[in-house]
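Engineer: Predicted model and sequence below, questions to follow.
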Amino acid sequence: MATLHVVSHSPFSDGRLNSCLRVLGSQDGLLLCGDAVHGLQKGSAAWDKLQQAATNGQLYALQEDASARAIQLDPQVKPVDYPGFVQLSLDFDKVNTWL
Amino acid sequence: MAKSMLIVSRQAPWSGPGPREALDIALAGGAFDLPLAMLFLDDGALQLLPSQQPAHLQQKNLSANLQALPMFGVDELFVCSTSLKERGLENAELALDVDRLDAEGITALIDRFDLVVTL
Amino acid sequence: MKFAIAVFAPAHAPSSRRALLFAQAALAAGHEIVRLFFYQDGVHSASGNIVAPQDELDVAAQWRTFVSDNGLDAVVCIAAALRRGVLNEEEAKRYQRDAANLPAPWELSGLGQLHEAAQLADRLVSFGGQ
């Protein structure tokens, strides 16, 4: 089973993204939304930790959140809008939001 | 066949209603005989410390309610070993009979459930 | 496909709006929403007493409109709601509180409704925190 993990907290002030990365499976997806997209900032320690997931094609970002924060997405990060988010939730077997 | 649910409880015991409300999801599901498991992760591991005295905070004893889990048919209980270690509790005796899992074990755990709620 | 959507955050949290937009997109794509379930601070997303500034989004009002327009089953967890002071007329009367602030179309019920929805749906998607 492949799980879509969803994280919306900033990795600089909160431990959720870190914990999620520790248990992220090789077939899983990770969608960053809300303040979690700050972790996609190049040069940040958070981005360093996300590199592997990005290279594996596992990393998604909610486009509206990246745009609102003027964050340039690395080409390996897949942007999604809401229809895309809905589809993603169906492409994976289940969704685990880190509330 | 019923879908299985894993409830991941991540908050420290006296941080607010979170831990109790996570437990309530498990107990409600147990009452309906659903296949459930609970994982105590990050600060959630702190809920398992024995000898807590919440009366000092005018709070009810969460431990006592956690003990009810097996009675409601929720006997697959886990704790993250890294979370315990980070908090200096690697060798602590825990208030509940739980299986310790490392990161790989947790990945596998999440994988085998139909539903996951992480709060 | 069938969705169960659970909301754990109040109306002013970005995640409440995000849940609403997800729900709207799900219906727009032709999917079905089996139930909306509001738990923990999510009960505040159902408050009828929110006064959003004129130039800001009124997410609570938008939730009500979305639920009514689409005839959705919208449940607020009664235990979580009572603890947080979100009461409908019946509960306000029962507990002798001055104000009821949970309007239609919201219904108060128990966690069993969350489990039932999760069992019936193809996906349970939760929104909360930030």
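Structural biologist: Sure thing, it's come through. Numbers count the residues shown, from 1 in each chain, chains lettered A, B, ... in the order given.

Engineer: just checking, what's the longest helix in chain C?
Structural biologist: Determined from DSSP state H, the single longest helix within chain C is helix C:14-28.

Engineer: List, one by one, the residues from chain C near chain A.
Structural biologist: With C-beta under 8 Å from any C-beta of the partner chain as the criterion, chain C meets chain A at residues C:1, C:3, C:8, C:14-15, C:18, C:21-22, C:24-26, C:28-29, C:31, C:122-130. In this view, the C-beta of every residue, glycine as well, is placed from N, C-alpha and C.

Engineer: re the thing from before, okay, buried residues for the longest helix of chain C please.
Structural biologist: With burial defined by 16 or more other C-beta atoms under 10 Å in any protein chain shown, the residues of helix C:14-28 counted as buried are C:14-27.

Engineer: cool, and stretch B:101-119?
Structural biologist: B:101, B:105-107, B:109-111, B:113-119.

Engineer: now do the same end-to-end measure for it.
Structural biologist: Using C-alpha to C-alpha, to the nearest Å, the end-to-end distance of stretch B:101-119 comes to 18 Å.

Engineer: got the contact list for it?
Structural biologist: With contacts defined as C-beta atoms under 8 Å, 6 or more residues apart in numbering or on different chains, stretch B:101-119 is touched by A:1, A:3, A:22-25, A:93-94, A:96-99, B:3-11, B:18, B:21-22, B:25, B:37, B:39, B:41, B:78-82, C:6, C:8, C:40, C:118, C:124, C:126, C:128.

Engineer: So how do I select the buried members of these in ChimeraX?
Structural biologist: In ChimeraX, a selection of the buried entries from those looks like this (16+ other C-beta under 10 Å):
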select /A:3,22,23,24,25,93,94,96,97,98,99 /B:3,4,5,6,7,8,9,10,11,18,21,22,25,37,39,41,78,79,80,81,82 /C:6,8,40,118,124,126,128
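
Engineer: Inside strands: which ones of the contacts of stretch B:101-119?
Structural biologist: Counting by DSSP state E, the contacts of stretch B:101-119 place A:3, A:94, A:96-97, B:5-9, B:37, B:39, B:78-80, C:6, C:124, C:126 in strands.

Engineer: Please say whether there is contact between the longest helix of chain C and chain B.
Structural biologist: No. Helix C:14-28 stays clear of chain B (C-beta under 8 Å from any C-beta), getting no nearer than 12.4 Å.

Engineer: tell me the contacts of the residue of chain C found nearest chain B?
Structural biologist: Nearest to chain B in chain C, going by C-beta to the nearest C-beta, is residue C:111, at a distance of 3.6 Å. Applying C-beta under 8 Å, 6+ apart to residue C:111 gives the contacts B:24-25, B:28-29, C:39, C:77, C:79.

Engineer: In the residues you listed, find the pair that's most separated.
Structural biologist: B:29 and C:79 (14.7 Å; C-beta to C-beta).

Engineer: Following element in sequence after the longest helix of chain C, please.
Structural biologist: strand C:32-38 (DSSP states H and E).

Engineer: Pull the number of nearby residues for residue A:63.
Structural biologist: Burial of residue A:63 is recorded as 18 neighbouring residues (other C-beta atoms under 10 Å in any protein chain shown).

Engineer: Mind telling me what element the residue nearest to it when sequence neighbours are not counted is part of?
Structural biologist: Nearest residue to residue A:63, sequence neighbours excluded (C-beta to C-beta, 6 or more residues apart in numbering or on different chains): residue A:79, at 4.2 Å. Using DSSP H and E, residue A:79 falls within strand A:78-80.

Engineer: Using CSV, list the CA coordinates for the lowest-mean-pLDDT helix or strand in chain B.
Structural biologist: For chain B, using mean pLDDT, DSSP states H and E, the weakest element among its helices and strands is helix B:62-67, scoring a mean of 91. Taking C-alpha atoms only, helix B:62-67 is exported to CSV below (Å, rounded to 0.1, in the frame of the first residue of the first chain):
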residue,chain,number,x,y,z
LEU,B,62,-5.3,9.5,31.1
SER,B,63,-3.3,6.4,31.9
ALA,B,64,-6.4,4.8,33.4
ASN,B,65,-8.2,5.4,30.1
LEU,B,66,-5.4,4.0,28.1
GLN,B,67,-5.6,0.8,30.1
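
Engineer: can you tell if it touches chain C?
Structural biologist: No. Judged by C-beta under 8 Å from any C-beta, helix B:62-67 stays clear of chain C, getting no closer than 13.4 Å.

Engineer: Now find how far off-centre that helix is within its chain.
Structural biologist: 10 Å (C-alpha atoms, centre = their mean, to the nearest Å).

Engineer: And for that helix, what's in contact with it?
Structural biologist: Outside helix B:62-67, the residues that reach it (C-beta under 8 Å, 6+ apart) are B:13, B:19-20, B:23, B:27, B:47-48, B:50, B:52, B:54, B:95-96.

Engineer: mind listing what's buried in it?
Structural biologist: By neighbour count with 16+ other C-beta under 10 Å, helix B:62-67 contains the buried residues B:62-63, B:66.

Engineer: Farthest pair within the buried residues of helix C:14-28?
Structural biologist: Going by C-beta to C-beta, the pair spanning those furthest: C:14 and C:27, at 20.8 Å.

Engineer: Show me which residues of chain B sit near chain C.
Structural biologist: For chain B, the residues in contact with chain C (C-beta under 8 Å from any C-beta) are B:2-3, B:5, B:17-18, B:21, B:24-25, B:28-29, B:31-32, B:34, B:115, B:117, B:119.
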